[in-house]
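**Student:** need the 3D shape of this:
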Amino acid sequence: MNGVRHYLLALQFFTRVPVTGRLAEWVGFSPQMLRASAAHFPGVGWLVGVVGAAAFVLALQGLPGPSGALAAALLSMVATVLLTGAFHEDGLADVADGLGGSADRNRALEIMKDSRIGAFGTIALVLALGLKAALLASLAGQGVQAVAGAIVGAHVLSRLAPLFLIRWLPYVGDAGASKAKPLADAIGGGALLVGVLWSVPALALVLVMQGPARTAAMVAACAGVALVLARMFRRRLQGFTGDGLGGTQQVCELAIYLALAWQT
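**Tutor:** Sure thing, here's the model as predicted:
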């Protein structure tokens, strides 16, 4: 039963799904529970991915042609952003502002805490959202089932990658002020295993829909991007922040779409 509570707490933290009233009282809250809920980050991706895929497929039924596929991609993105409150997109923008705005570690961390968005963050968001829409529209050419599987798989697997950063890098954000600090505490092997177990069915789904070659390319792309980002965070910041986790999810999601859409 604790696993259900931790999953609902993860939904409460990472989405706009209302976990309130008696349900919230039953779930409870403590820093230890919030830390345990991190293992269910890929599980949250299942809900977000299914909503995004449903929006894409429904829109595609009434919007034919390449322009219809692009509109369906944008509507799918709107659905997922509304569900998550643009939580991870905000992290990507903050990381771009911090690392692009200063070579000094402390100044970069200070910029990342600023709630305002700067030039680097704006450029990163525009490029990331534009690329995501184009890749999803391109995936539509592989068929409805293939794009739906890709959306679900990408949202689940891209949320597994940040767990490895939490496992292997120290947290360097504002420990006193950050609501996410308990989430960023080092997670154990058991929690990482829970995240992997959430991800295995998503990997199998992509394998069935896309075949072994594209699935292997997807795993390599996602792992490679996560490794590059981890090395960059360690070199520039000596660790990771909550924004870094959100930025990693976004970039890994893009890498998955790119690998699956790539024609060989």
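**Student:** could you list the buried residues of the strand or helix carrying Leu163?
**Tutor:** Using DSSP states H and E, Leu163 sits in helix 161-168. For helix 161-168, burial by neighbour count (16 or more other CB atoms under 10 Å) applies to 161-166. To be clear about C-beta, it is placed using only N, CA and C from the backbone, and glycine gets the same treatment.
**Student:** count of residues packed around Asp114?
**Tutor:** 13 (other CB atoms under 10 Å).
**Student:** actually Leu75, sorry about that
**Tutor:** 17.
**Student:** what sits against it?
**Tutor:** By CB atoms under 8 Å, 6 or more residues apart in numbering, Leu75 lies in contact with 55-56, 59.
**Student:** show me the shaky parts of the protein.
**Tutor:** Within the chain, the segments meeting pLDDT under 70 span 175-186.
**Student:** what's the longest helix in it?
**Tutor:** Across the chain, the longest stretch assigned as helix under DSSP state H is helix 189-237.
**Student:** who are the packing partners of it?
**Tutor:** Under the contact criterion of 3 or more CB pairs under 8 Å, 6 or more residues apart in numbering; DSSP states H and E, helix 189-237 touches helix 41-62, helix 105-113, helix 144-157, helix 161-168, helix 242-261.
**Student:** buried stuff in whichever helix or strand comes after the first one?
**Tutor:** In other words, helix 41-62. Using DSSP H and E, the helix or strand that directly follows helix 41-62 along the chain is helix 65-84. Under the neighbour-count criterion of 16+ other CB under 10 Å, helix 65-84 has 68-77, 79-81, 83-84 buried.
**Student:** cool, and stretch 215-223?
**Tutor:** Neighbour count says stretch 215-223 has 215, 217-219, 221-223 buried, by 16+ other CB under 10 Å.
**Student:** can you check stretch 200-210 too?
**Tutor:** 202-203, 205-207, 209-210.
**Student:** which residues are in contact with stretch 121-138?
**Tutor:** Contacts for stretch 121-138 (CB under 8 Å, 6+ apart): 56, 66, 69-70, 72-74, 76-77, 89, 92-97, 100, 117, 147, 151, 250-251, 253-254, 257-258, 261.
**Student:** tell me how far that stretch lies from the chain's centre.
**Tutor:** 14 Å (CA atoms, centre = their mean, to the nearest Å).
**Student:** stretch 253-264 too?
**Tutor:** For stretch 253-264, the distance to the chain centre is 16 Å (CA atoms, centre = their mean).
**Student:** next one: stretch 146-162
**Tutor:** 9 Å.
**Student:** check stretch 70-89 too.
**Tutor:** Distance, centroid of stretch 70-89 to centroid of chain: 12 Å (CA atoms, centre = their mean).
**Student:** which ones are touching Leu254?
**Tutor:** 128, 131-132, 135.
**Student:** neighbouring contacts of the helix holding Leu163?
**Tutor:** So helix 161-168 is contacted by 38-39, 41-42, 183-187, 191-192, 195, 222-223, 225-226, 229-230, 233, 240, 244-246, 248-249, 252 (CB under 8 Å, 6+ apart).
**Student:** just the buried residues of the residues you listed.
**Tutor:** Of those, these count as buried by 16+ other CB under 10 Å: 38-39, 41-42, 183-185, 187, 191-192, 195, 222-223, 225-226, 229-230, 233, 240, 244-246, 248-249, 252.
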